[in-house]
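Asker: What shape does this take:
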Amino acid sequence: MPLQFKKITPIPQLQNIIEKMWVFESGTEMPGDDINLIVPNGRLRLLIPFRNSIAATIDGKLYFSKEDCITLTGIIDVPSKPALRANTGTIGIEFNPVGAYRFFPLKLSDINNKIYPITDILGKIGRQLEEEISNTETIKDKLFLLQQFLLKQPFLQNEDSIFEYCVEQIKLSRGRITIKELEKKTGYSSRWLNMKFKDKLGISPKNISSIIRFRQYYQALANNNETAFFETAFYEYYYDQSHFLKEFKRFTGLSHQGFENLPNNFGKLFYKE
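Answerer: Next up is the predicted model:
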């Protein structure tokens, strides 16, 4: 079996919270020359390795997750690199930027660029969920259990309308709105907005805007539309080539020219629409 990445449609009640849900499975032979690089996409994610363990390096630190151990990954704003193994299977749930803060009882900046076991966050409830997932045979049933768990979780924080409005403005502008524009639209200072975003999302409005802006380019690259992006959309997102190359190096860890010469089929799987 080759690398397989299958998108799953969440149940309707969770579609405003879950931005993307997927199942990744690898075969017995793994590509030896792929760099396995995943660039930031601006989403927190739950990961559930249901077949064998998984590992990933983020910001120079190696994280390891055993089979059936659920983890929560905070917002990542640096390139990350999973250590691919043969014959693995993983379920991923990627939260909308306004979806995670009401579920988890912690300041989300505390897990920025980190991976935490769900048992460290939710305690007994997390352990019960892991046990149920482990005792469930099929992927379909595991997905059902996960979604039912989220559906039944009581919101731990009330809706923050100002924060959610700002996130929506950033998404609608595809990362092009400035912090000054957000100040004008909300009447709140940049300092207050930065504190709000650090608490509710884990990173600043400027940082999430940069990630979402870069996502437009990387999705075009993953879907083989890179040329069209440079021809039609480049200056909508970047002031000039220098601005783009700086952001590219930040989110991939490589120069644009160097990246072009390296295969990253695994990393592109996660950006295909």
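
Asker: Report the contact partners of the nearest residue to residue 168 once chain neighbours are set aside.
Answerer: In space, residue 168 comes closest to residue 98 once its chain neighbours are excluded; the distance is 7.7 Å by C-beta to C-beta, 6 or more residues apart in numbering. Just so you know, the C-beta spots here come from the backbone N, C-alpha and C atoms, and that holds for glycine as well. Neighbouring residues of residue 98 by C-beta atoms under 8 Å, 6 or more residues apart in numbering: 17, 163-164, 167-168, 200.

Asker: how near is residue 81 to residue 61?
Answerer: Summarising the geometry, the distance separating residue 81 from residue 61, computed by C-beta to C-beta, to the nearest Å, is 11 Å.

Asker: same deal with residue 4?
Answerer: 28 Å.

Asker: quick one: which of residue 81 and residue 61 has more around it?
Answerer: Remark: of residue 81 and residue 61, residue 81 carries more neighbours, 17 against 10, as counted by other C-beta atoms under 10 Å.

Asker: for that one, which residues make a bridge with it?
Answerer: Partner residues in beta bridges with residue 81: residue 57, with DSSP bridges as the criterion.

Asker: Name the SS class of residue 116, please.
Answerer: Each residue gets one of three states, and residue 116 gets strand by DSSP: H, G, I helix; E, B strand; the rest coil.

Asker: cool, residue 98 as well?
Answerer: Taking three-state DSSP, the label given to residue 98 is coil.

Asker: how near is it to residue 196?
Answerer: In this structure, residue 98 and residue 196 are separated by 12 Å, where distance is defined by C-beta to C-beta.

Asker: pLDDT score assigned to residue 216?
Answerer: Among the per-residue scores, residue 216 shows a pLDDT of 92.

Asker: Remind me which helix or strand it belongs to.
Answerer: Under the assignment given by DSSP states H and E, the secondary-structure element containing residue 216 is helix 205-222.

Asker: Can you name the next helix or strand after that helix?
Answerer: The helix or strand immediately downstream of helix 205-222 is helix 226-232, counting by DSSP H and E.

Asker: buried set for that following helix?
Answerer: Of the residues in helix 226-232, those scored as buried under the neighbour-count criterion (16 or more other C-beta atoms under 10 Å) are residue 229.

Asker: Quick one: list the elements packing against it.
Answerer: Contacting helix 226-232 under the criterion 3 or more C-beta pairs under 8 Å, 6 or more residues apart in numbering; DSSP states H and E are the following elements: helix 205-222.

Asker: No further queries at this time; thank you.
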